[in-house]
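Asks: pasting the sequence and the predicted model now:
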Amino acid sequence: MIDVIGYARRGMRELIAHIDFPLLLITMTIMAVGLATVNSATYDSAHRMLAQAGNMGVALVVMWFVARLPPHKLMGFAIPLYVVGLLLLVAVFMFGIKVNGAKRWLSLGFTRIQPSEIMKIAMPLMLA
């Protein structure tokens, strides 16, 4: 008979084997301070704080997946991501929409994106 509990324990060990727990604790502390700041700034709107908490959860999952990638695979994304980022920045210059007096966003119809955020990832990858 298959040892289901033992298999689950081994699987969990593999999932958390490479987590840097001091770094995770620091990250979670900064995230908690950020949530407290959002809560105090939008005291009457719990929706914004819950949305931010959801965004942070997604970010933690993405961070975990990216951290498990070998560095040479990440470097393979550097040039394509940089080129896409540059093309999106040119698109903002040509077709961008103004929000609060600044032309920073591209409207995709169902959502808006800010290409400068992509360049925050692409530029360090290119420089590395």
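Replies: Cool, the structure landed.
Asks: list phi and psi for Thr42.
Replies: In terms of degrees, to the nearest 10, the main-chain angles of Thr42 are phi -120, psi 60.
Asks: going forward, the N-terminal residue is numbered 554.
Replies: Okay, residue one is now 554; in that scheme the one you just asked about reads as Thr595.
Asks: helix or strand: which one has the residue nearest to it when sequence neighbours are not counted?
Replies: Leaving out its chain neighbours, the residue that sits closest to Thr595 by Cβ to Cβ, 6 or more residues apart in numbering is Arg601, at 4.4 Å. C-beta coordinates here come from the backbone N, C-alpha and C atoms, glycine included. Arg601 is located in helix 599-620, with elements delineated by DSSP states H and E.
Asks: distance from the chain centre to the next helix or strand after that helix, please.
Replies: The first helix or strand that comes after helix 599-620 along the chain, using DSSP H and E, is helix 624-629. For helix 624-629, the separation from the chain centroid amounts to 18 Å (computed by Cα atoms, centre = their mean, to the nearest Å).
Asks: following element in sequence after helix 624-629, please.
Replies: Once the chain leaves helix 624-629, the next helix or strand it forms, by DSSP H and E, is helix 631-648.
Asks: which helix or strand contains Arg563?
Replies: Under the criterion of DSSP H and E, Arg563 resides in helix 557-569.
Asks: for that helix, give the mean pLDDT please.
Replies: In this model, helix 557-569 has an average pLDDT of 69.
Asks: now swap in stretch 582-597 and tell me
Replies: Taken as a whole, stretch 582-597 carries a mean pLDDT of 88.
Asks: show me which residues of it are buried.
Replies: 584, 591 (16 or more other Cβ atoms under 10 Å).
Asks: neighbouring contacts of that stretch?
Replies: With Cβ atoms under 8 Å, 6 or more residues apart in numbering as the contact definition, stretch 582-597 has outside contacts at 601-602, 605-606, 609.
Asks: list the buried ones in stretch 674-681?
Replies: Buried positions in stretch 674-681, judged by neighbour count with 16+ other Cβ under 10 Å: Ala675.
Asks: mind checking pLDDT for Phe646?
Replies: Looking at Phe646, the pLDDT reads 89.
Asks: in this protein, where's the longest strand?
Replies: What stands out as the longest strand in the chain, according to DSSP state E, is strand 655-660.
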